[in-house]
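**Q** Provide a 3D model corresponding to the input given below.
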Amino acid sequence: MELEATSNSMLSGVGRNDSDAWQRFYDRYKVLIYLRGRHYGFSDADIDDLLGRVMSKCFTRSGSAGNNVFSFDPSKGRFRDYFCRIVNNEAITMLRERKRLREVPAETPDGEAIDFADPREEASTQAEYQQCLLNEAFQQVRKELLPRIVQAFIAVRMDGIPAGKVAKMQGVSLATVYNDIAAMITALKQRVKELEEE
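**A** Numbers count the residues shown, from 1 in each chain. Next up is the predicted model:
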């Protein structure tokens, strides 16, 4: 399986109305919308509304038929940064609309005051997004590498089983186990980098 490694390939696929590219786009970026919506204290229904608003902002009317077409101007910078600005702008617009309706919550559902400029929340959202990318990378890479490599990585790095015991279980040398783990880590880092570029 070959992964489209650049943002241009996924974005141009979305621009061509390619259903696979659109699904990858939706799956990747709905996570950011969900996380930001939670940051602003939105309910699930509000997050669904935010998702619809953001996705519609990513499209413009084009052509004589007035069709909805995906557009992104690379001169605006990295797509994910551009996309995050859209998410934040739409969330703030929703909060302003609530304020006009006197429905702005003073706190999140957890009882914490909403702080619209808290950099720790931004960092937390980014960390959660990175974890989502890592999970996606893991699911992709595990299908591409030898099962022995994946099993060694899971056993040692995720389950905490000593490498010597894993070597014995797999019938390989200790060096092989460490090389397998290193191969998995290298593959994961590369795949996360590719996913970040999409």
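**Q** check what pLDDT the closest residue in space to A137 that isn't next to it in sequence gets.
**A** Spatial nearest neighbour of A137, excluding adjacent residues (CB to CB, 6 or more residues apart in numbering): R191 at 3.8 Å. Every C-beta, even on glycine, is put in place using the N, C-alpha and C of the backbone. R191 is assigned a pLDDT of 87 by the prediction.
**Q** check contacts around A155.
**A** Contact analysis of A155 by CB atoms under 8 Å, 6 or more residues apart in numbering lists I161, V166, M169.
**Q** please repeat the previous calculation with a cut-off of 6 Å.
**A** I161, V166 (CB atoms under 6 Å, 6 or more residues apart in numbering).
**Q** and E144, what element?
**A** Taking DSSP states H and E as the definition, E144 sits outside all helices and strands.
**Q** kindly apply the preceding question to A187 instead.
**A** For A187, the host element (DSSP H and E) is helix 174-197.
**Q** tell me what that helix is packed against?
**A** Packing partners of helix 174-197 (3 or more CB pairs under 6 Å, 6 or more residues apart in numbering; DSSP states H and E): helix 119-141, helix 147-153, helix 163-170.
**Q** what's the closest non-adjacent residue to A183?
**A** Leaving out its chain neighbours, the residue that sits closest to A183 by CB to CB, 6+ apart is I149, at 5.6 Å.
**Q** and for stretch 81-89, what's in contact with it?
**A** For stretch 81-89, the surrounding residues in contact (CB under 6 Å, 6+ apart) are Y29, I33, R36, V54, K57, K76.
**Q** tell me how many other residues crowd R142.
**A** 17 (other CB atoms under 10 Å).
**Q** actually L11, not the one I typed
**A** Residues lying near L11 (other CB under 10 Å) number 20.
**Q** next one: the one 3 residues further on
**A** Counted by other CB under 10 Å, the residues lying close to V14 total 23.
**Q** perfect, I'm done here.
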